[in-house]
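# Everything below, folded, please.
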Amino acid sequence: MKRKITLPHTDIEISRVIFGCWAIVGGFNWGPQDERDSLAALRAAYDSGVNCFDTAEAYGGGHSENLLAKALKGERNRIVIASKVGPQDFAGDDVIRACERGLRNLQTDYIDLYQLHWPNPSVPLDETLGALQKLKDEGKIRSYGVSNFGIESLSACRRSGFSISTNQMAYNLLFRAIEFEVLPQCIEDNVPVLCYSPIMQGLLTGKFTDWTQVPDDRARTRHFSKDRPMSRHQEKGCEELTFQTISLIKRISDEHGLDMGALSLAWLLKQQGVGGVIVGGRNADQARRNVLAYEMPDDSALFDELTSITTPLKEYLGANADLWQTDSRVV
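Next up, the predicted model:
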């Protein structure tokens, strides 16, 4: 399996397994986190061949960026840092200020891939992309991309004349909504998708065997009932279908003697238009397990079977590419 790609419009080569730096800050729905484990996870990912690390100022108010700088500062010329600016900072001057904060947090002179975290229709996209291009011209970023951009926003990017290099989207065997519209558009526009939540917060590792075992802070997605305390959607969910699907994936994994999480990542890496998978790790062992995705057999029949058994769930959840809200923010 191909382990690296070059981002469009750049000479930046990234590992297709990307280390996601949100969970290492702890808190929110991650729970307590020992900084020593976080630093060890970052280092283990790098030592395992991962050269791309995805972070954001929003992850712990800059703490994630601080941890990345602390763990891998001596490797700066050998790693690719992807960070993000939040939609509250999409006005031109605010983009510049946000980037400057990120550079300080990361203790670096440049960010390799700077991404727009969510669409913000209240700010003209040309203004925001223009600020990103200015940062690129000044050498403060090497490229820029987007995250959670749907058809309307992608079309606006195309009309703008600015060249985005990536679109980061929620995509996994249990959530295939982008296949309806967003992924085909990205393929047409040569914008590789970087998949976040690729193992669905542990559901695709077999961590939970029944929907009642999933804690409320992980049961916020549209797979679960709107009656769960932390839900933000208005849907009845599909808890039984979700866990029937998980059990089928586990059966296939077990039959082939394969790690369920690694197989789920490998399936993503086989999909047309997917550039990479963003997967975290809260300790060194978890970080090392992520690269097992590269070792999965290149078996088309196996991947086709995974596609087939997850299609009923895909059809039930539909084309809304917002994992958490009925009123989709992916526009």
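
# So what touches whichever helix or strand residue 304 is part of?
Assigning secondary structure by DSSP states H and E places residue 304 in helix 300-317. When contacts are defined by Cβ atoms under 8 Å, 6 or more residues apart in numbering, helix 300-317 is touched by residues 173-177, 179, 222-223, 238, 241-242, 245, 248-249, 252, 256, 263, 266-267, 270. Using the backbone N, CA and C atoms, a C-beta is placed for each residue, glycine as well.

# Separate out the buried members of the residues you listed.
Using 16 or more other Cβ atoms under 10 Å as the burial test, those include 173-177, 179, 222-223, 238, 241-242, 245, 248-249, 252, 263, 266-267, 270 as buried.

# can you give me phi and psi for the residue nearest to the spatial centre of the chain?
With distances taken as Cα atoms, centre = their mean, residue 196 lies nearest the centre of the chain, 2.0 Å away. Taking degrees, to the nearest 10, you get phi -100, psi 160 for the backbone angles of residue 196.

# pretty sure it is touching residue 170, no?
Yes - contact criterion Cβ atoms under 8 Å: residue 196 and residue 170 qualify, at 5.7 Å.

# which residues of the stretch 51-200 of the chain fall in helices?
In the stretch 51-200 of the chain, the helices defined using DSSP state H, counting those that start in this stretch lie at 63-72, 92-106, 125-137, 151-160, 182-189.

# count of neighbours near residue 213?
11 (other Cβ atoms under 10 Å).

# and it, how far is that from residue 253?
19 Å (Cβ to Cβ, to the nearest Å).

# And residue 276, by the same measure?
Relative to residue 253, and taking Cβ to Cβ, residue 276 is found at 22 Å.

# So those two - more neighbours on which side?
The residue with more neighbours, out of residue 276 and residue 253, is residue 276; 28 against 22, by other Cβ under 10 Å.

# Let me know the pLDDT of the more buried one.
For residue 276, the pLDDT comes out at 98.

# And residue 29, by the same measure?
63.

# can you offset everything so residue one is 13?
OK, 13 is where the count begins now, so the last one is residue 41.

# follow-up on the earlier one: rounded mean pLDDT for the helix holding residue 316, please.
On average, helix 312-329 scores 98.

# what's the answer for stretch 190-200, then?
Rounded mean pLDDT across stretch 190-200 is 98.

# residues making contact with it?
161-163, 166-167, 179, 181-183, 204-205, 283-285, 326, 330-331, 333, 342.

# before we move on, what about stretch 201-210?
17, 19-20, 30, 32, 66, 94, 157, 159, 166, 169-170, 176-184, 187, 190, 194-195, 198, 216, 276-277, 280, 285-291, 335.

# How about stretch 230-240?
Taking Cβ under 8 Å, 6+ apart as the rule, stretch 230-240 contacts 41, 186-187, 212-215, 223, 226, 228, 242-251, 254, 329, 332, 334-338.

# ok, now with 7 Å
Residues from elsewhere that reach stretch 230-240 (Cβ atoms under 7 Å, 6 or more residues apart in numbering): 41, 186, 213, 223, 228, 242-251, 254, 329, 335-336.

# Just the buried ones out of those residues, please.
Buried among those by 16+ other Cβ under 10 Å: 186, 213, 223, 243, 245, 247, 249-251, 254, 329, 335.

# how about these in JSON lines, adding distance to residue 46?
Listed next are these as JSON lines, based on distance: Cβ to Cβ, whole Å:
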{"residue": "186", "distance to residue 46": "29"}
{"residue": "213", "distance to residue 46": "20"}
{"residue": "223", "distance to residue 46": "30"}
{"residue": "243", "distance to residue 46": "30"}
{"residue": "245", "distance to residue 46": "33"}
{"residue": "247", "distance to residue 46": "37"}
{"residue": "249", "distance to residue 46": "34"}
{"residue": "250", "distance to residue 46": "36"}
{"residue": "251", "distance to residue 46": "33"}
{"residue": "254", "distance to residue 46": "31"}
{"residue": "329", "distance to residue 46": "36"}
{"residue": "335", "distance to residue 46": "28"}
